[in-house]
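K.L.:
Model the following, please.
(2 chains)
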Amino acid sequence: MPSHDVLVIGAGLAGQRAALAAAEEGVSVGIISKVHPVRSHSNAAQGGINAALNPGDSWESHAFDTIKGSDYLSDQDAVEIMTREAPEEILHLEHLGVTFHRNEEGKLGTRAFGGASAARTYYVADITGQAIMHVLYEQLMKYSEQIARYEEWFCSSLALDENGECCGVVTRNVADGQMELFTAKSVILCTGGNGQVWRPTTNALICTGDGIAMAYRAGAKLMDMEMIQYHPTTLAGKGFLITEGARGEGAHLLNANGERFMEKYAPNKMELASRDVVSRAEQTEINEGRGFPDGTVALDITVVPKKRVHEALREIVLVGRDFAGVDITREPIHIKPGNHYTMGGVKTDVDGRTDIPGLYAAGEAACVSVHGGNRLGANSLLDTLIFGKRSGRDAAARAKRNDYSRTSKQVLEDEEALVADLMSREKGSGRRISEIKLELGQTMDGKVAVFRDEAGIQEALEIVKRLKEEAKTAYIDDHGSVFNQDLIAAIELGYMLDNAECTCVAALERKESRGAQYRTDYPERNDTDWLKHIDLERTDDGPELSYSEVTITQWEPQERTY
Amino acid sequence: MAEYKIKVRRFQPESGEGPYWEQFDVDLDPSLSVLDGLLQAKDKEDGSLAVRCSCRAAICGSCGMKINGQSGLGCKTQIGEAQEQANKMKAATGVTAAEASSPIGAQAPEAQDAVRATGQEEAEQSGSRTREAGREISGDDERVRPEAEEAAPIIIEPMGNMPVIKDLITDMESTHWTKIRRVTPWLLPHGEAPEREYVVEPESMIDITQSMACIQCGACVSSCLSMEADPDFIGPAALAKAYRFVGDPRDAETAERLHDLAEDPHGIYDCTHCFSCIDACPKGVAPMDQIMRLRRKAGEEGIEDPNSGHDHEIAFVKIIEKKGTLDESLLLQESFAPGFKGKLKPNRRAIREMIGSIPIAIRGIKTGKMRSLRKLIPGVHHKLPDQDDVKAIYRHAEEHNEELNLYIRGEESDDAQPDGAAAEEVTNG
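P.N.:
Here you go, the predicted model:
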């Protein structure tokens, strides 16, 4: 039974940063990831990371942009912390070896990004997430004596002690199927978002909302689950991401008539308005018949100097060439809004603490909330790092104060029984896991997307409930121990269904339009009734609703135009 | 939508059987990927088909595999293109890639008899398929004239140079990651970090961003011919990773790193310059180029190259500069004993090497590869008559002392437009 003072689940940016921060405090750390850490989805963050580091810039300006971007649903104390600590974090990464873009003086250079009033996005070409994550993994290798890595171990259930405090997690070694209860004094969930609940999505196949569902099942509160970001520029059909950096470099959005339609929707910021605004504008153009026959509009990168494209948007050149057959330096590429980011998640305070003592969450799995109704581009990497770091530190401090609690093996036995049940289902006894996933994804993309209404969300919720029943008899083909991906997919489906149910319930409840939640039946923002978070707690009859205050420090809500 | 046959080299470790081929029929748009094809087979037919995958967009590096014998990423290879390639291979050789590729029993020779074949061809060849067998097949009349309308199956195998765990899943830890850790893969700066960022040449960051672009997928390792011969070779991925530090002006251990990598018999001089890794790399990292840069830096550091590669390169440049054409006899002499005409200062090693190469020269003359005995005498080789153009090329190269880095520059760009820095100022404003 492996034991660590601090156990980090998930090894993307938040997880790796949390592990390193905890190790710096001198405690023993274990980091568990269902894939090899460098396969984590933080890789996909292309454009950059925001920080007010330039002399002319200020954290207040960054904070205001973030809060306005969130449609005033973010908690301003958390945003203040994130934006104040951002410059130091960028310098820390630079010192660790991240190959940030330099200006002519050899100092850190920036690019413009959506919703921001200054060019404050630091970047490595358009592989920023990858470059940072690989450098953090270098540090994990460097500190391998302090940080034990469990690469390709899958977590399926949190363990609580008799006082209801989190004391470990049930894991499965993917390589040989061995199941174990890992114990810890603090557990940090850094398992990322739930994009796979939608299809298509820019998210990787591993983004199945594992930590959100595990925390929910253990009794932690979830928050802002209705807030799902649709990214304005994804490839039609496949859902691949075209970085906002493209628009940051000056690319235009055009409808089928060749009109630069953002003039109508955001005359000042144009293509660089907040993502929710741009996605709605595109979807409106498409719905009103000014899109292309394949349900898209065009992103014209040909207006960006070619050398700059090759230097700063290289990944997009490859994505265009390899996945759409388009040379983006010569012709516009067809794009549409696509599922991209989970603003909501496990409700935490500014040190990553959830409602369950000993359980922390950071990164996309968590909801601090710094993104509120809509996340600004290049704030996600920042969120993972700042709150990963803070969670790691606080989790280490807690571990120093406490002893290991007595853990019961019950949770492991329950989990083993669950696996045995899945394995025992006969072929043909129910539906295939993949069929249920497909129906779930298409349902959510059809009904709980850019534009929503009560009837659609209700219908989606009914389907999700039916799929939950069907999942109970769904069968798998693989009955082995070694790399049983089939079994893991079945457990992940359970996570996805819990995530979907919570999103539907919260989206039905919020009877207004704010950020990513646009209700065609309630098209206005309503601060009087809805300037509040929706919290969800698990009961046997589904999620139970409650509300919590939005923390406002110095920025009173105003009308939001770009 | 189109129908494809994908033939997967499978291995189920718990079955007690050896590897076998299994063919799946899938139906998808030609622009979708080989990985999409595999996932369709997994979703609809057999959930036990094991393949690592995550992002589907060539960023995460999970789905390294061999497709028609070529190492790469499943998600980055369009299935329509893979089909064309499979057809071409069959048409050209009369054999499918499966038959031409590595023997099925490579990982478990004792289990060759257990080869379970699904197609007729395999049934005939069961248990005895080797490279040789593949060649014999090509002599078979039936195989020489494949029926044109019948598409060859797309052949999918796990990556090479690594143990196979299950189906397309290989053990990257014992090979790839162990070698990565071998190169001390973290920055080693001197002293305290500055208060702000390290100030460095902008080009230097772009330069190492090429090796930073590596996603650790292992395709280069899978394709590496040197590693096939010497499994201890540090290899293309780890050496590219090493360049990321050697080329980083913030790293203070450049000389130590270079000595370490040069003096290891499985280090930078173990690469045979075969270009396989450059072909295989899905991200344009060009690992072999990074290895060559390490060699050049090692040469600049005064490290003796056991193959005299660095001296050879310098000799080459100097001779062409002098004569406008290559004088092979001088090349030999210069490579082992740097110095030029008259200033020859042969060291003991140079003399040893020169004597050692006499049999090769004689063989060259015997087989007609070296046509003129006179050319063996250094300096006899004629000069190019008009050398002004050659001199101009050298002058230009010296004035524009920059490395041709396709990663940064892309294809030759029509470049009369503002550069990056100017664009940045615009957006700043």
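K.L.:
Wait, B:L28 touches B:L38, no?
P.N.:
No: between B:L28 and B:L38 there is no contact under Cβ atoms under 8 Å: 10.6 Å. (Glycine included, C-beta is placed from N, CA and C.)
K.L.:
more crowded one of the two?
P.N.:
B:L38 (26 against 17; other Cβ atoms under 10 Å in any protein chain shown).
K.L.:
Helix or strand for that one, just tell me which one.
P.N.:
helix B:34-44 (DSSP states H and E).
K.L.:
and after that helix, which helix or strand comes next?
P.N.:
Using DSSP H and E, the helix or strand that follows helix B:34-44 towards the C-terminus is strand B:64-67.
K.L.:
Would you mind giving the secondary structure of the residue nearest the centre of chain B?
P.N.:
Nearest to the centroid of the C-alpha atoms of chain B, with distances taken as Cα atoms, centre = their mean, sits B:C277, at 1.2 Å. Recorded secondary structure, B:C277: helix (DSSP: H, G, I helix; E, B strand; the rest coil).
K.L.:
What distance do you get for the nearest residue to B:V199 once chain neighbours are set aside to A:P37?
P.N.:
Using Cβ to Cβ, 6 or more residues apart in numbering or on different chains and skipping the chain neighbours, the partner closest in space to B:V199 is A:G106 (4.3 Å). Applying Cβ to Cβ, to the nearest Å, the value for A:G106 to A:P37 is 31 Å.
K.L.:
higher neighbour count, these two?
P.N.:
Shown here are A:G106 and A:P37; by other Cβ under 10 Å, A:P37 has more neighbours (25 against 17).
K.L.:
burial of the nearest residue to that one once chain neighbours are set aside, as a residue count?
P.N.:
In space, A:P37 comes closest to A:A11 once its chain neighbours are excluded; the distance is 3.6 Å by Cβ to Cβ, 6+ apart. Neighbour count for A:A11, taken as other Cβ under 10 Å: 30.
K.L.:
Give me the contact list for the helix or strand containing A:Y230.
P.N.:
If you go by DSSP H and E, A:Y230 is part of strand A:228-235. The contact list for strand A:228-235 (Cβ atoms under 8 Å, 6 or more residues apart in numbering or on different chains) reads A:198, A:200, A:202, A:240-244, A:246-247, A:253, A:275-276, A:278-279, A:282, A:299, A:319, A:323-324, A:333-344, A:374-375, A:448-450, A:503, A:516.
K.L.:
same deal with stretch A:522-530?
P.N.:
Contacts to stretch A:522-530, defined as Cβ under 8 Å, 6+ apart, come from residues A:D71, A:Y72, A:R510, A:K511, A:E512, A:S513, A:R514, A:P557, A:R560.
K.L.:
gap between the two ends of it?
P.N.:
End-to-end span of stretch A:522-530 (Cα to Cα, to the nearest Å): 12 Å.
K.L.:
buried ones in that stretch?
P.N.:
By neighbour count on 16 or more other Cβ atoms under 10 Å in any protein chain shown, the buried set for stretch A:522-530 is A:Y522, A:R525, A:D527, A:W530.
K.L.:
so of the residues you listed, which ones are in helices?
P.N.:
Among the buried residues of stretch A:522-530, DSSP state H puts A:D527, A:W530 in helices.
K.L.:
wait, which of the buried residues of stretch A:522-530 is closest to B:I154?
P.N.:
A:Y522 (51.0 Å; Cβ to Cβ).
K.L.:
partners of that closest one in the sheet?
P.N.:
Going by DSSP bridges, A:Y522 is paired in beta bridges with A:R519.
K.L.:
count of residues packed around B:I355?
P.N.:
By other Cβ under 10 Å, 9 other residues sit near B:I355.
K.L.:
For A:S405, which residues are in contact?
P.N.:
A:D161, A:E162, A:N163, A:E165, A:C167.
K.L.:
Output the buried residues of stretch A:522-530 in a markdown table, with pLDDT and distance to A:A455 appended to each entry.
P.N.:
A markdown table is the format used below for the buried residues of stretch A:522-530 (pLDDT from 0 to 100; distance: Cβ to Cβ, whole Å):
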| residue | pLDDT | distance to A:A455 |
| --- | --- | --- |
| A:Y522 | 98 | 13 |
| A:R525 | 97 | 21 |
| A:D527 | 97 | 26 |
| A:W530 | 98 | 20 |
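K.L.:
which one of the buried residues of stretch A:522-530 is nearest B:H400?
P.N.:
Closest to B:H400, out of all of the buried residues of stretch A:522-530 and judged by Cβ to Cβ, is A:R525, at 57.7 Å.
K.L.:
With adjacent residues omitted, what lies nearest to the closest one?
P.N.:
Of all residues not flanking A:R525 in the chain, A:R514 sits nearest, at 5.0 Å (Cβ to Cβ, 6+ apart).
K.L.:
Convert the host helix or strand of B:S329 to CSV, retaining C-alpha atoms only.
P.N.:
Using DSSP H and E, B:S329 maps to helix B:328-336. C-alpha atoms of helix B:328-336 as CSV (Å, rounded to 0.1, in the frame of the first residue of the first chain):
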residue,chain,number,x,y,z
GLU,B,328,39.7,13.3,-53.0
SER,B,329,43.3,12.5,-52.3
LEU,B,330,43.7,15.8,-50.4
LEU,B,331,40.4,15.1,-48.6
LEU,B,332,41.8,12.0,-47.0
GLN,B,333,45.0,13.7,-46.0
GLU,B,334,43.3,16.8,-44.7
SER,B,335,40.7,15.0,-42.8
PHE,B,336,43.2,13.2,-40.7
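K.L.:
And the average pLDDT for the next helix or strand after that helix is what?
P.N.:
Moving toward the C-terminus from helix B:328-336, the next helix or strand (DSSP H and E) is helix B:348-356. Helix B:348-356 comes out with an average pLDDT of 75.
K.L.:
Can you check what angle separates helix B:348-356 from helix B:328-336?
P.N.:
Put simply, helix B:348-356 runs at 150 degrees to helix B:328-336, going by axes from the mean of the first three to the mean of the last three Cα atoms, to 10 degrees.
K.L.:
where does helix B:348-356 sit relative to the chain's centre, distance-wise?
P.N.:
How far helix B:348-356 lies from its chain's middle: 32 Å, per Cα atoms, centre = their mean, to the nearest Å.
K.L.:
any idea which helix or strand comes after that helix?
P.N.:
helix B:358-366.
K.L.:
Run through who's touching the helix or strand just after that next one.
P.N.:
Next along the chain after helix B:358-366, taking DSSP H and E as the criterion, comes helix B:388-399. Residues outside helix B:388-399 that contact it (Cβ under 8 Å, 6+ apart) are B:I320, B:E321, B:G324, B:L384.
K.L.:
which residues does the last one contact?
P.N.:
Listed by Cβ under 8 Å, 6+ apart, the contact partners of B:L384 are B:K323, B:G324, B:T325, B:V390.
K.L.:
Of those, keep whichever come out buried.
P.N.:
Looks like the contacts of B:L384 have B:K323, B:G324, B:V390 buried, using 16+ other Cβ under 10 Å.
K.L.:
Between these, which sits nearest chain A?
P.N.:
Nearest to chain A among the buried ones among the contacts of B:L384, counting by Cβ to the nearest Cβ, is B:V390 at 30.0 Å.
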